[in-house]
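# Need a 3D model of the sequence below.
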Amino acid sequence: MDRIAGYREYIKQAFRSIAEEIPEEPNIMTEIVLDDERRHYEILQTGWEGDRRVHGSLAHCDIRNGKIYVEHDGTDFGIADFLAAKGVPCGEIVLGYRHPDLRDLTPFALA
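Numbers count the residues shown, from 1 in each chain. Next up is the predicted model:
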């Protein structure tokens, strides 16, 4: 398996693990979006909580320029740490949700 195919599989494993931990709610649907062609991966929640519309991303990763960009991690799972534990070098994981000036404070890639 090539490196990028491995990255896709690790992201999918992480997202499936996250989705399994989300409690079911009768009016809110959790969706895992896996777009291998565009290398875009996301967990969304949509529905209604009383009169309030729920629509938002819980987690979002993209693969660009040979690196995994964790664009959003609104979970307690720790997507970047999961990927690193799977063997993805920290230098190939970008915390896209961190301001570029603060990324050097982490062990992960700057861009």
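# for the chain, which helix is longest?
Counting residues, the longest helix in the chain under DSSP state H turns out to be helix 3-21.
# roughly how far is that helix from the heart of the chain?
Its chain's C-alpha centre and that of helix 3-21 lie 8 Å apart, by CA atoms, centre = their mean, to the nearest Å.
# what does stretch 29-44 give?
Distance, stretch centre to chain centre, for stretch 29-44: 9 Å (CA atoms, centre = their mean).
# what's in contact with it?
Contact with stretch 29-44 is made by 4, 8, 11-12, 15-16, 18-19, 22, 45-47, 55-64, as judged by CB atoms under 8 Å, 6 or more residues apart in numbering. C-beta: built from backbone N, CA, C; applies to glycine.
# residues of it that come out buried?
Going by neighbour count (16 or more other CB atoms under 10 Å), the buried part of stretch 29-44 is 30, 39, 41-44.
# ditto for stretch 86-98
Of all the residues in stretch 86-98, those buried under the rule 16+ other CB under 10 Å are 88, 92-96, 98.
# that older thread, closest one to His72 out of the buried residues of stretch 29-44, please.
Among the buried residues of stretch 29-44, Glu42 lies closest to His72 (CB to CB), at 8.2 Å.
# where's that closest one, which helix or strand?
Glu42 belongs to strand 40-49 when assigned by DSSP states H and E.
# what's the neighbour count on Ala109?
Other residues near Ala109 number 17, with proximity taken as other CB atoms under 10 Å.
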